[in-house]
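> Dropping a prediction and its sequence here:
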Amino acid sequence: MPHLTSTTVGATGTGVRTALGIPGYAHPLVAPAQWAELARPGTPLDWVVLDVAAGPGTRPDPHCLEAAARLRAVGVRVLGHLDLTHGARTFGDLLSDAHRHLDWYGVDGFLLDRCPTERTALPEVRRAITTLRAISDTAHIVLGHGRHPHPGYAENADQLVTFSGPWSDYRWSQAAEWTADYPPDRFCHFVHGVPRGHLDEALRIARWQGAATIYFTDRTDRDGRVDPWESMPGYWDDIVSRLGTGVSE
């Protein structure tokens, strides 16, 4: 596995800081306390995904407008959710959703969810990213592959989600060799079903594999029946404390 260094998880002095990337909680009307918690100053957040209704929705949502504004007020990047549906989404629909995210919510970038991983799909994804940067030149682009893609994708986005799945798979996973050519702040890991007692182990795996943006939760997908990311983990305060102060190993 690449990226074995002396960097401490959560430390800032080495230039590598582990922070949370929030894949997208339930609608702020349904989970107001959780969105308010994200806006608490000092929370170690890299970015938060705003998914209004499987995208930006059909009209501006006042609850999402308020949630996005509160996050931006404390310096947290808000990313709009764009679903590439593994390459099946039309370019026009994608661009239309991107404009709505920008016009209505002033997002700071985009998570391109269900992004393809194959080399053959790379030109079309590159075209989408180029267009997104043309309409928002400071956009932070995250590709939500969920597994290691062809290395060419790393040349086009700010970050790649190279793992998204259950703890039972993550604890035995390995990083692709090519990821060692890039710094940890280029990679994100989303892991569900992480027991509280294994939180430190999960953080060590992320560090070992060179992923500086993480989201771990004890919620599960119940065999694909629910979204494990829609609510905060039961150990939210615990993981915030670990990342905020740094943990020794």
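Okay, I see it.
> Going by C-alpha atoms from here, please, whenever you check contacts or count neighbours.
Will do.
> for the chain, what are the low-confidence residue spans?
Within the chain, the stretches with pLDDT under 70 are 1-16, 245-249.
> and with 50 instead?
Residues of the chain that meet the criterion pLDDT under 50 lie in 1, 3-14, 247-249.
> now the helices: where do they sit in the chain?
32-38, 62-73, 91-105, 122-135, 167-170, 199-209, 236-245 (DSSP state H).
> Just tell me which of those ends up closest to Gly193.
Taking C-alpha to C-alpha, helix 167-170 is the member of the helices of the chain nearest to Gly193, at 5.5 Å.
> Okay, buried residues for that closest one please.
Across helix 167-170, burial judged by 16 or more other C-alpha atoms under 10 Å covers Trp167, Tyr170.
> is it true that Leu45 touches Leu20?
Yes: judged on C-alpha atoms under 8 Å, Leu45 makes contact with Leu20 at a distance of 4.7 Å.
> burial of Asn134, as a residue count?
Just to correct that, residue 134 is Ala rather than Asn. For Ala134, the number of neighbouring residues by other C-alpha atoms under 10 Å comes to 11.
> Ok, Glu177 next?
Counted with other C-alpha under 10 Å, residues neighbouring Glu177 total 12.
> Equivalent analysis for Arg119, please.
Arg119: 12 neighbours (other C-alpha under 10 Å).
> Now do the same contact list for it.
His150, Gly152 (C-alpha atoms under 8 Å, 6 or more residues apart in numbering).
> Please determine how far it is located from Asp51.
28 Å (C-alpha to C-alpha, to the nearest Å).
> what does Trp35 give?
12 Å.
> the more surrounded of the two?
Trp35 (25 against 21).
> which of the helices of the chain is buried the deepest?
helix 199-209 (a mean of 20; mean count of other C-alpha atoms under 10 Å).
> how far is it from where the chain is centred?
17 Å (C-alpha atoms, centre = their mean, to the nearest Å).
> so it versus helix 236-245, what angle?
Interaxial angle, helix 199-209 versus helix 236-245 (axes from the mean of the first three to the mean of the last three C-alpha atoms, to 10 degrees): 40 degrees.
> Helix 199-209 packs against which elements?
Applying 3 or more C-alpha pairs under 8 Å, 6 or more residues apart in numbering; DSSP states H and E, one finds that helix 199-209 makes contact with strand 213-217.
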